[in-house]
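Visitor: Okay, predicted coordinates and the sequence, questions at the end:
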Amino acid sequence: MLAGALGAATFAIGGRALAQSKEVIIATTGGLMERSLQEHFYKRFETETGIKVRSVPIELPDQWARARAGQRSGNIPFDVVTATPPDLIQHADLLAPIDCAGLPGIAAHALPNGCFPSGIIRTAGGMALTWSKKAFPNGGPQSWADFFDVAKFPGPRSLPDTGDREWWVPLAALLADGVAPDKAFPMDVDRAYKKLDALKPHIAAWWKSGDNAMQIMRGGDAVMMMVYSSRSVPLAKSGEFDFTWNQAIRDVGNWAVLKGSPNVQNGVKFLDFFVQNGKEHVAFSEKVSFDSNNREAPGLVPPEERRFRPSWPDNWSKLVIADYEWIAVNRNALRERWVTWLTK
């Protein structure tokens, strides 16, 4: 079925036929992520399709700079790229369309809402509320309203300042102020920062990375924080901390295919391949501490592990999905407001 849908020797883009080689060039971050993708997906893709994967480790800003330069020169450097949700909006002119319903693997195996007109979810998690069980032995905070309630839940807090997600914290502030998730955008930035002004004296630390966040919690510098679920889970499994998926802000990394790349068709074929085989996704997720885009995988983990998996349906339904188009348009203004507020 897949061969019938994607097996032609050429692929038409803009009225011209592009010859397809027997390779696909995939850009993603290096280290553990690249090694895990190689082990669980790239090698199998090569074996099952005969298409060679050429992996290019690269950070996102450099990836997009090279993609833009390639568009101008007519020499596109990659087929498949890594993208944040706002990237899919900001760089939409670079991206090939994805026929979500017409690709058999994606239609049958991708997570609900895991495919978009210009890409698919690669890895998924959430920015989750996490707390110290020692500080709250009778039950911890269960919502962002609780996080902001310093009378009911006293103690120092920690929040992220990672330089690339300036909307996370204002969004949590709006949810804490009673705004419904589906009414949070367009974001009332003034209202969000008014709420944050009241909390700011209680922020003991601004974390810069997931490892830094875990050090803050383990060191007792904060009794609760907003942090990646990939860090919440190991903290909770230690027995000293806990977290909730309620109102966790969905945090995903995506795959996309560059329009006019050397092997567009092979790139699309890889995306359709990637979402299949739930067992491989379980093993991959265990290594990278993120879930990935396969709807069968959560059901393959033991029942006692399901509360730790963002894509388990009961957890997935609790995640708050941001308006990425609005964020992409307002990204620079959000960044300026965040830096001004932090430094005043």
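Guide: Structure received.

Visitor: on contacts alone, who are the packing partners of the longest helix seen in the chain?
Guide: Across the chain, the longest stretch assigned as helix under DSSP state H is helix 324-343. Secondary-structure packing of helix 324-343 (3 or more C-beta pairs under 8 Å, 6 or more residues apart in numbering; DSSP states H and E): helix 85-90, helix 168-176, helix 189-199. Every C-beta, even on glycine, is put in place using the N, C-alpha and C of the backbone.

Visitor: who does S132 bridge with?
Guide: On the basis of DSSP bridges, S132 is bridged to F241.

Visitor: Wait, it touches D221, no?
Guide: No: using C-beta atoms under 8 Å, S132 is not in contact with D221, being 10.5 Å away.

Visitor: More neighbours: the two, which one.
Guide: S132 (20 against 15; other C-beta atoms under 10 Å).

Visitor: Pull up the per-residue confidence for the more buried one.
Guide: According to the prediction, S132 has pLDDT 98.

Visitor: and if you look at the one 3 residues further on?
Guide: The model reports A135 with a pLDDT of 97.

Visitor: Hmm, it is touching G155, no?
Guide: Yes: under the contact definition of C-beta under 8 Å, A135 touches G155, with a separation of 5.5 Å.

Visitor: low-confidence ranges in the protein?
Guide: Within the chain, the stretches with pLDDT under 70 are 1-20, 164.

Visitor: For the residue nearest in space to the middle of it, which residues are in contact?
Guide: The centre of the chain sits closest to V252, judged by C-alpha atoms, centre = their mean, with a distance of 1.4 Å. V252 sits next to 84-85, 121-125 when contact means C-beta atoms under 8 Å, 6 or more residues apart in numbering.

Visitor: Report the contact partners of P85.
Guide: Counting by C-beta under 8 Å, 6+ apart, P85 has contacts 252, 254, 322, 324, 327.

Visitor: can we see that at 10 Å?
Guide: By C-beta atoms under 10 Å, 6 or more residues apart in numbering, P85 lies in contact with 116, 119, 121, 250-254, 321-325, 327-328.

Visitor: re earlier: can you check which residues contact both of A135 and G155?
Guide: Common contacts of A135 and G155 (C-beta under 10 Å, 6+ apart): 220, 222-224.

Visitor: Could you tell me which of the residues you listed count as buried?
Guide: Using 16 or more other C-beta atoms under 10 Å as the burial test, the shared contacts of A135 and G155 include 222-224 as buried.

Visitor: May I have stretch 257-269 exported as CSV, CA atoms only?
Guide: The C-alpha trace of stretch 257-269 is given here as CSV (Å, rounded to 0.1, in the frame of the first residue of the first chain):
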residue,chain,number,x,y,z
VAL,A,257,10.1,17.8,4.8
LEU,A,258,11.8,20.7,2.9
LYS,A,259,10.1,21.7,-0.3
GLY,A,260,12.4,21.1,-3.3
SER,A,261,14.9,19.0,-1.4
PRO,A,262,16.9,16.3,-3.2
ASN,A,263,14.6,13.5,-2.1
VAL,A,264,11.2,14.9,-1.1
GLN,A,265,9.4,11.6,-1.8
ASN,A,266,11.9,9.6,0.4
GLY,A,267,11.4,12.2,3.1
VAL,A,268,7.7,11.7,3.1
LYS,A,269,8.1,8.0,3.0
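
Visitor: Please parse this structure into its domains.
Guide: 2-124+252-316, 127-250+322-343 (automatic domain parsing).

Visitor: circling back to that earlier point, how about the shared contacts of A135 and G155 in a markdown table, adding distance to Q38?
Guide: Output for the shared contacts of A135 and G155, formatted as a markdown table (distance: C-beta to C-beta, whole Å):
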| residue | distance to Q38 |
| --- | --- |
| G220 | 39 |
| A222 | 36 |
| V223 | 40 |
| M224 | 37 |
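
Visitor: now, among these, which is nearest to G70?
Guide: A222 (43.6 Å; C-beta to C-beta).

Visitor: dump the residue contacts of the closest one.
Guide: 130-132, 135, 155-159, 202-205, 207, 213, 216.

Visitor: N266 now?
Guide: 6, 11, 20-26, 45, 49, 51-53, 79-80, 257.

Visitor: Next one: it from P156, what distance?
Guide: According to C-beta to C-beta, to the nearest Å, N266 stands 51 Å off from P156.

Visitor: cool, F241 as well?
Guide: Distance of F241 to P156, given as C-beta to C-beta: 15 Å.

Visitor: Over to A180?
Guide: 29 Å.

Visitor: And V257, by the same measure?
Guide: 45 Å.

Visitor: which one of these two has more residues nearby?
Guide: The residue with more neighbours, out of V257 and P156, is V257; 27 against 18, by other C-beta under 10 Å.
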